[in-house]
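K.L.:
model the following, please.
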Amino acid sequence: MFLLFVVLVWTQSVATEDGWFWQVTDFHYDPRYSTAGVPGEMCHVSGGQQDGSPGVWGDYLCDAPWALINSSVYAMRQIEANPDFILWTGDDTPHVPNEELGQQVVINIIGNLTSLLKEVFPTKRVYAALGNHDYHPKNQLPPNGSDIYDAVAGFWRDWMDDDGANSAFKQGGYYAVSAAPHLRIVSVNTNLHYKSNLVTKDMEDPGGHFAWLDRVLGDAQTNSEMVFIVGHLPPGFFELKRSQYWMYPNFNERYNELIRKHSSVIAGQFFGHHHTDSFRVFYDDDGSAVSSMFLCPAVTPWRTTLPGISGFGANNPGVRLYKYDRQTLQIKDVVQYYTNLTEANLSGRPVWQEAYSLTVTFGLPDGGTDSLHRLASSFTGPDVSQFRKYHQFNTLSYDPTETCDNNCWVDHVCSIIAVGHDDYDVCVNDKITGGAPESKKIEMVLVLTCLLTVLIV
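P.N.:
Numbering: from 1, shown residues only. Predicted structure coming up:
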């Protein structure tokens with residue numbers, strides 16, 4: 001009887017055992033970054049003339065210097081030195097014209113960042129994905145192998161557990177590996193579906209990527225595995241610009257179909273690219289939330305040059321820690337860390353501090369799909385407190401006084417709850433022209449406009 005009691009206690013303990021893992025994304029290292037020289041020529045400047053000397057730790061008009069990148073990775077170790085693994089979701093080179101880079105420069109930057117992560121976390125596996133800037137020419141990732149795929153496969157070979165994963169990566173820039181007996185990490189190359197990728201524009205399934213993903217997710221169900229999908233370029237729309245999407249529409253729908261089809265085995269999706277802090281909820285045809293995606297903010301503070309952006313388009317640098325149940329793979333919490341770049345340059349060193357805990361700050365029981373659906377639903381009610389916090393953290397308090405008018409609110413809400421093109425168009429039209437009685441709609445607009453102007457802190 002005593003032995004049975006011990007076994008039951010041990011089983012319960014294992015079943016609730018918590019683990020942690022990191023996500024870091026969008027380093028965008030600028031080798032030209034300097035704190036001395038001719039103003040405007042000390043970094044690859046974002047959107048205009050840099051009128052002063054950039055700080056040691058970075059500048060909101062520039063991509064990241066090595067000092068900032070190095071600080072971010074060492075901060076991860078200081079905060080949580082023993083994660084189960086690390087997710088690294090791409091975009092390592094600066095935002096520059098192709099003629100200012102070259103194939104070997106791209107390879108060298110990815111190699112240097114790989115070496116840094118191995119130096120700081122020598123015993124940990126890093127599950128990495130390529131970004132659209134991790135190629136030369138940028139955005140033009142091919143479906144059938146390349147010298148860059150081969151070089152990066154060599155850098156990351158120690159993090160892949162079999163030759164099949166390495167071979168798949170060399171062929172198409174994607175792979176799947178076993179991270180635990182019941183957890184499979186699937187690193188997708190959604191850059192093959194990017195609307196700026198002219199190489200794959202007219203292909204039905206570039207590199208057989210969708211067929212491969214369908215097979216891998218189906219095998220996971222057969223083998224009683226759960227899956228974390230790791231990628232760079234997300235489906236859906238950018239919350240800072242109305243109707244700004246990344247994937248070709250047909251590829252966007254193919255991806256969404258696979259998520260809906262295999263939602264029962266997908267424990268989480270983790271992407272970058274936006275540089276902002278946001279999330280997405282996927283729904284089935286009946287309107288039930290079936291999956292969700294976390295969008296991690298960038299290390300680079302670079303202000304986007306994309307025209308028509310809502311707000312200023314820069315961000316404070318961030319890294320993200322997830323708490324999860326090792327047995328069920330349930331995301332139990334998300335703890336976002338950041339450094340205030342202005343303060344770092346004034347004080348002489350970056351202080352990496354907690355921005356928020358998803359469960360504590362937003363009052364959620366966990367970071368699962370149902371909780372994120374509930375959070376998104378709260379953004380459409382008359383109480384704007386939840387949305388106000390979300391909006392502040394979207395750029396990691398880059399400008400905590402920035403307001404968000406009704407159009408801004410619509411763009412954020414619809415990008416979160418409508419990942420498909422048709423659904424997004426319906427959402428935008430509904431939020432602007434319908435979806436609530438006129439008196440209620442006017443009241444909500446007034447509340448959002450007034451409170452977001454006065455109360456954002």
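
K.L.:
quick check: closest non-adjacent residue to Ala179.
P.N.:
Nearest residue to Ala179 in three dimensions, chain neighbours excluded: Ile185, at 4.8 Å (C-beta to C-beta, 6 or more residues apart in numbering). All C-beta atoms are positioned from the backbone trio N, CA, C, and that covers glycine.

K.L.:
how about residues contacting whichever strand or helix holds the one you found?
P.N.:
Take DSSP states H and E as the rule and Ile185 turns out to sit in strand 183-187. The contact list for strand 183-187, computed with C-beta atoms under 8 Å, 6 or more residues apart in numbering, reads 85, 127-129, 169, 174-179, 213, 216-217, 220, 225-231, 267, 329.

K.L.:
cross those against strands and list the overlap.
P.N.:
85, 127-128, 175-179, 226-230, 267 (DSSP state E).

K.L.:
quick one: which of those is nearest to Phe279?
P.N.:
Distance to Phe279 across the ones in strands among the contacts of strand 183-187 (C-beta to C-beta) is lowest for Ile229, with 14.0 Å.

K.L.:
quick one: the spatially closest residue to that closest one that is not a sequence neighbour and Lys201, what's the gap?
P.N.:
The shortest distance from Ile229 to any non-neighbouring residue, by C-beta to C-beta, 6+ apart, is to Gln269 (4.5 Å). Distance, Gln269 to Lys201, by C-beta to C-beta, to the nearest Å: 25 Å.

K.L.:
in this protein, which residue is most central in space?
P.N.:
Gly272 (2.5 Å; C-alpha atoms, centre = their mean).

K.L.:
so which elements touch the one helix or strand Ala355 maps to?
P.N.:
Counting by DSSP H and E, the element that carries Ala355 is strand 353-357. Under the contact criterion of 3 or more C-beta pairs under 8 Å, 6 or more residues apart in numbering; DSSP states H and E, the helices and strands touching strand 353-357 comprise strand 331-338, helix 385-394.

K.L.:
what's the angle between the shortest one and strand 353-357?
P.N.:
Going back to what we said before, that points to strand 331-338. 150 degrees (axes from the mean of the first three to the mean of the last three C-alpha atoms, to 10 degrees).

K.L.:
show me how far whichever helix or strand comes after strand 331-338 is from its chain's centre.
P.N.:
Using DSSP H and E, the helix or strand that follows strand 331-338 in sequence is helix 341-347. Remark: helix 341-347 is offset 25 Å from the chain centroid, using C-alpha atoms, centre = their mean, to the nearest Å.

K.L.:
one step back: ok, and what's touching the helix or strand that comes right after the strand holding Ala355?
P.N.:
As assigned by DSSP H and E, the chain's next helix or strand after strand 353-357 is helix 358-362. Under the contact criterion C-beta under 8 Å, 6+ apart, helix 358-362 has outside partners 332-336, 356, 364-367, 375, 386, 389-390.

K.L.:
just the buried residues of those residues.
P.N.:
332-336, 356, 364, 366-367, 375, 386, 390 (16 or more other C-beta atoms under 10 Å).

K.L.:
any idea which of those residues is closest to Ala81?
P.N.:
For the buried ones among the contacts of helix 358-362, the closest approach to Ala81 (C-beta to C-beta) belongs to Val335, at 14.9 Å.

K.L.:
ok, the closest one to Glu80 distance?
P.N.:
9 Å.

K.L.:
mind listing the shared neighbours of those two?
P.N.:
Leu321.

K.L.:
hmm, back to that, strand partners (parallel or antiparallel) of the strand holding Ile185?
P.N.:
Counting by DSSP bridges, the strands paired with strand 183-187 are strand 175-180 (antiparallel), strand 226-230 (parallel).

K.L.:
now the last one, how far from the chain's geometric center?
P.N.:
Relative to the mean C-alpha coordinate of its chain, strand 226-230 is positioned 14 Å out (C-alpha atoms, centre = their mean).

K.L.:
give me the contact list for stretch 247-255.
P.N.:
Under C-beta under 8 Å, 6+ apart, the answer for stretch 247-255 is 190, 192-195, 201, 205, 210, 233, 235-236, 245, 419-421.

K.L.:
not counting its neighbours along the chain, what's nearest Cys43?
P.N.:
Cys62 (3.6 Å).

K.L.:
and the one you found, how far from Tyr424?
P.N.:
Distance, Cys62 to Tyr424, using C-beta to C-beta: 32 Å.

K.L.:
more neighbours, those two?
P.N.:
In this view Cys62 and Tyr424 are compared by other C-beta atoms under 10 Å, and Cys62 has more residues nearby, 27 against 20.

K.L.:
if you count surrounding residues, which of Gln269 and Lys201 has more?
P.N.:
For Gln269 versus Lys201, neighbours defined as other C-beta under 10 Å are more numerous around Gln269 (24 against 11).

K.L.:
show me what the helix or strand harbouring the more buried one is packed against.
P.N.:
According to DSSP H and E, Gln269 maps onto strand 266-271. Using 3+ C-beta pairs under 8 Å, 6+ apart, the elements in contact with strand 266-271 are strand 226-230, strand 289-295.
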